[in-house]
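[1] Pasting the sequence and the predicted coordinates here, then a few questions.
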Amino acid sequence: MNKKELVAATAEASGMPKKCVEMVLKALTANVIAEVAKKGKVQLIGFGTFEARARAARTGKNPQTGKPIKIVAATVPAFKAGKAFKEAVNAKPAKKKATKKAK
């Protein structure tokens, strides 16, 4: 699902106009980005947490030449799914009971 499809689905589910949903989505993403950029955390209970994590410097390998290269330390955005999100993703669909055909 891309952004346009997400906006359309959310507008349909909420009964709000697509323009309003798009403005809310833009504001939400902008606020999440701004908070994580300040090394803050955005926690949406049941959905997940957006945060900045420090990645240490390390030695990698150039895939073309196989030579070792130094990878500098960096701060990267991270998302950790919440319990309800994980459970929804891992939920198994209900199995249909097999019915016997009458002969």
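    Yep, that arrived.

[2] can you pull the buried residues of the helix or strand where Phe50 lies?
    If you go by DSSP states H and E, Phe50 is part of strand 48-55. Neighbour-count burial for strand 48-55, counted by 16 or more other CB atoms under 10 Å, picks out 48, 50-51. All C-beta atoms are positioned from the backbone trio N, CA, C, and that covers glycine.

[3] Could you give the average pLDDT over that strand?
    Strand 48-55 shows a mean pLDDT of 96.

[4] Out of the buried residues of strand 48-55, which is nearest to Lys3?
    Minimum separation from Lys3 among those (CB to CB) is found for Phe50, which lies at 17.1 Å.

[5] Three-state assignment for the closest residue to the closest one other than its chain neighbours, please.
    Leaving aside its sequence neighbours, Phe50 sits nearest to Val42 (CB to CB, 6 or more residues apart in numbering; 4.5 Å). Under the three-state scheme (DSSP: H, G, I helix; E, B strand; the rest coil), Val42 adopts strand.
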